[in-house]
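Q: sequence isn't available, so here's the structure alone:
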């Protein structure tokens with residue numbers, strides 16, 4: 001079949017020319033021509049979720065004796081092919097489309113119907129034996145299928161990808177916190193020298209942040225996405241033109257197919273008119289991004305140098321850092337993590353704006369759902385991938401430069417802090433300033449002035465003890 005030949009199809013608005021090879025139909029083609037915006041379709045995960053959803057809907061309509069069993073099975077088979085990604089190239093509607101996602105829902109309906117037609121030996125576009133609206137979309141509306149597909153895609157991605165990546169990142173950081181717990185380094189506040197801290201304590205803070213803001217955020221987000229499913233609400237949340245048990249049954253079928261315990265919305269008007277659950281999830285993802293950005297930024301600072309920076313850490317050398325400066329190596333993975341964080345924060349702004357009353361959520365429907373779906377899936381995928389890269393390309397081969405840590409502690413003026421209870425704050429401050437002016441360490445200056453016995457000085461200036469106050 002020629003790639004340039006066209007067939008003529010009809011929808012409720014009239015005729016449209018559709019490429020002969022295309023599995024989509026007139027409604028989809030109309031949307032393709034109406035929305036030449038970004039050249040980017042809805043996320044593949046949402047397309048695959050539509051396949052899962054349409055299969056579940058056909059199964060329920062079959063069980064309810066609403067759909068001929070043979071036709072239902074054909075729709076289920078075709079929908080499963082969509083769920084497996086076999087027809088991704090036929091999902092061609094731009095992400096910046098009608099805010100309800102109607103065009104993408106019809107894209108799914110038409111592709112599935114045409115797969116059925118092909119397998120039945122009928123012409124593509126004949127709507128025989130499966131009609132996109134009457135059969136594939138039976139008991140449904142774009143207003144409940146598109147957001148349901150959003151829930152499905154996000155829940156599966158979080159369960160299968162983000163949660164394992166988060167746990168893997170936490171495991172590595174927690175292990176480093178234990179392995180490096182006896183190494184003492186100088187602490188820093190305001191980017192200035194502070195009192196000592198153990199490297200293990202620093203990394204325990206990183207591990208705790210990942211646990212709180214990435215691992216727990218993933219858990220909370222997964223639970224948000226598996227519940228409050230809008231399917232069954234149809235047009236405005238009343239369930240018009242569908243069976244009263246449709247939503248519950250579809251959720252049960254989806255749960256069986258995916259291993260995710262999906263639950264129907266308790267209140268369909270709320271579920272369809274607003275997207276609070278997605279705003280909540282996006283906020284969770286933003287919190288995780290902020291935590292990762294802090295960790296990556298700290299590590300690149302601590303690895304700065306190698307001769308004129310802090311260099312308490314040696315980052316793995318994975319690529320040349322400059323096209324002009326030979327031998328230069330940069331903290332590229334840290335920079336990648338930070339850029340991802342910036343994008344996730346920006347995505348959260350888009351989700352918040354899209355879910356905002358008067359902008360996206362208006363009356364009985366949110367009309368910014370493709371935008372929200374795109375931003376949410378982007379954030380989930382970015383955080384998943386960058387967490388894995390952070391572990392594989394940096395953290396697994398990170399090295400603590402223990403001698404450098406020791407040297408910097410010896411030079412730190414803030415070692416005087418442990419002497420303040422003995423000498424008084426003002427006298428200790430004078431010592432710090434004098435030591436800086438004369439280029440001496442605190443220990444040298446105390447010894448020069450014979451301010452205390454050597455044994456007491458050793459006890460007070462023990463950097464390890466400073467990290468364990470009250471422990472003998």
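A: Done, it's in. This structure is a prediction, so every number in the text was calculated from the model and none was measured. Residues are numbered from 1 along each chain as shown.

Q: where do the strands sit along the stretch 101-250 of the chain?
A: 184-189, 192-198 (DSSP state E, counting those that start in this stretch).

Q: Throw these into CSV and include mean neighbour count, thanks.
A: Quick note: C-beta positions are derived from backbone N, CA and C, even for glycine. Output for these, formatted as CSV (neighbours: other Cβ atoms under 10 Å):
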stretch, mean neighbour count
strand 184-189, 20
strand 192-198, 18
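
Q: can you lay out those as TSV showing distance to residue 178?
A: Below are the strands of the stretch 101-250 of the chain laid out as TSV (distance: least, Cβ to Cβ, whole Å):
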stretch	distance to residue 178
strand 184-189	15
strand 192-198	11
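
Q: nearest to residue 316, of these?
A: The closest of the strands of the stretch 101-250 of the chain to residue 316 is strand 184-189. By Cβ to Cβ, the value is 19.5 Å.

Q: related to what we said a few turns ago, need the strands of the stretch 101-250 of the chain in JSON lines with mean pLDDT, can you?
A: Shown next, in JSON lines, are those (pLDDT from 0 to 100):
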{"stretch": "strand 184-189", "mean pLDDT": "97"}
{"stretch": "strand 192-198", "mean pLDDT": "96"}
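
Q: can you pull the contacts of the residue nearest to residue 180 when sequence neighbours are not counted?
A: If the residues on either side of it in the chain are set aside, residue 180 comes closest to residue 199, at 4.1 Å by Cβ to Cβ, 6 or more residues apart in numbering. Residues counted as contacts of residue 199 (Cβ atoms under 8 Å, 6 or more residues apart in numbering) are 180, 181, 183, 184, 185, 312, 400, 405.

Q: same thing but 10 Å
A: By Cβ atoms under 10 Å, 6 or more residues apart in numbering, the contact set of residue 199 is 176-177, 179-185, 302, 312-313, 400, 402, 405.

Q: got the confidence number for it?
A: Residue 199 is assigned a pLDDT of 98 by the prediction.

Q: and it, how far is that from residue 169?
A: Residue 199 is 18 Å from residue 169, where distance means Cβ to Cβ, to the nearest Å.

Q: that older thread, wait, which of the strands of the stretch 101-250 of the chain is closest to residue 344?
A: Minimum separation from residue 344 across these (Cβ to Cβ) falls at strand 184-189, 26.5 Å.

Q: check the offset of that closest one from the chain's centre.
A: Distance of strand 184-189 from the chain centroid (Cα atoms, centre = their mean, to the nearest Å) equals 32 Å.

Q: surely residue 100 meets residue 365?
A: Yes - using Cβ atoms under 10 Å, residue 100 makes contact with residue 365 at a distance of 6.1 Å.

Q: which residues do the two both contact?
A: With Cβ under 10 Å, 6+ apart as the test, residue 100 and residue 365 both reach 141, 142, 143, 144, 147, 272.

Q: could I get those as TSV with distance to residue 236?
A: Converted to TSV, these look like this (distance: Cβ to Cβ, whole Å):
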residue	distance to residue 236
141	9
142	12
143	7
144	10
147	13
272	7
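
Q: out of those, the closest to residue 453 would be?
A: Using Cβ to Cβ, the shared contacts of residue 100 and residue 365 come closest to residue 453 at residue 147, 73.5 Å.

Q: who's in contact with that closest one?
A: Taking Cβ under 10 Å, 6+ apart, one finds 100-101, 228-231, 233, 265, 271-272, 275, 277-278, 365-366, 369, 372-373 in contact with residue 147.

Q: and the pLDDT for residue 359?
A: On the pLDDT scale, residue 359 gets 88.

Q: dihedrals phi and psi, it?
A: phi -120, psi -60 (degrees, to the nearest 10).

Q: also residue 327?
A: Residue torsions, per degrees, to the nearest 10, at residue 327 are phi 80, psi 0.

Q: measure it to residue 317 for me?
A: Distance, residue 327 to residue 317, by Cβ to Cβ: 10 Å.

Q: more crowded one of those two?
A: Set residue 327 next to residue 317 and count neighbours by other Cβ atoms under 10 Å: residue 317 wins out with 11 against 8.

Q: ok, and the closest non-adjacent residue to the more buried one?
A: Residue 317 sits nearest to residue 329 (Cβ to Cβ, 6+ apart), 4.7 Å away.

Q: helix/strand/coil for the one you found?
A: coil (DSSP: H, G, I helix; E, B strand; the rest coil).

Q: and it, how far from residue 395?
A: For residue 329, the distance to residue 395 - Cβ to Cβ - is 17 Å.

Q: so between these two, which is more surrounded?
A: residue 395 (22 against 17).

Q: which ones are touching the more buried one?
A: 168-169, 172-173, 175-176, 203, 206, 295, 299, 315-316, 333, 389.
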